[in-house]
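A.B. asks: generate a structure from the sequence data that follows.
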Amino acid sequence: MHIKKIVFYEDRNFQGRSYECMSDCPDMSSYLSRCHSCRVERGCFMVYDRTNYMGNQYFMRRGEYADYMSMMGMSDGIRSCRMIPMYRGSYRMRIYERENFGGQMYEMMDDCDSIMDRYRMSNCMSCNVMDGHWLMYEQPHFRGRMMYMRPGEYRSFSNMGWSGTRWMSMRRITDSYY
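C.D. replies: Residues are numbered from 1 along each chain as shown. You can find the predicted model right below:
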């Protein structure tokens, strides 16, 4: 089994102090005072601009991000990160129009570039991820802010700090990202 690893650097272009991370890290401030570049050596990670996996989220796969702060519009830098485990198997998620699994429900097993086009659904406010790991996007065609969803029940996106955000497309995190 390969060890997943991401290396964070204080300055752009992989300069300054660095911190190697191989698992979830809820608060990076004890390791680095700031973070302006990173290198994903193996695996996939979600990085967050607030501690405890809160705030804006960004999906990072293997590669070099010499200045992702300006590339992704991050103003505060990375404050926490979560490793995304490799998953091979079926994917299944139920999306709901309203909070607490209310309103219209649709079950998805593959990527959906627009819930409006596919289901005539104008909003998704809760979901149940039965199988696999997913990314939800604020705009159709996998654009805009994103949210990482692992297996579990998500009764209210607004209670998770996403009040007023509409989730319009969903994509599976498949092994092709690794």
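A.B. asks: for residue 139, what are its contacts?
C.D. replies: By CB atoms under 8 Å, 6 or more residues apart in numbering, the contact set of residue 139 is 168, 169. Every residue, glycine included, has its C-beta placed from N, CA and C.
A.B. asks: should've said residue 142
C.D. replies: Contacts of residue 142 by CB under 8 Å, 6+ apart are 111, 113, 135, 169, 171.
A.B. asks: among those, name the buried ones.
C.D. replies: Buried subset of the contacts of residue 142 (neighbour count, 16 or more other CB atoms under 10 Å): 135, 169, 171.
A.B. asks: so the nearest residue to the second one once chain neighbours are set aside bridges to which residues?
C.D. replies: With CB to CB, 6 or more residues apart in numbering as the criterion, residue 169 has its nearest non-adjacent residue at 4.5 Å, and that residue is residue 137. According to DSSP bridges, residue 146, residue 169 are recorded as the beta-bridge partners of residue 137.
A.B. asks: how close does residue 137 get to residue 43?
C.D. replies: 21 Å (CB to CB, to the nearest Å).
A.B. asks: residue 6 now?
C.D. replies: Taken as CB to CB, the span from residue 6 to residue 43 is 7 Å.
A.B. asks: where in this protein is pLDDT low?
C.D. replies: 1-2, 68-76, 178 (pLDDT under 70).
A.B. asks: got a list of what the spatially most central residue of it touches?
C.D. replies: Central residue of the chain (CA atoms, centre = their mean): residue 148, 3.3 Å from the mean position. Residues in contact with residue 148, defined by CB under 8 Å, 6+ apart, are 46, 57, 59, 82, 84, 133, 134, 135.
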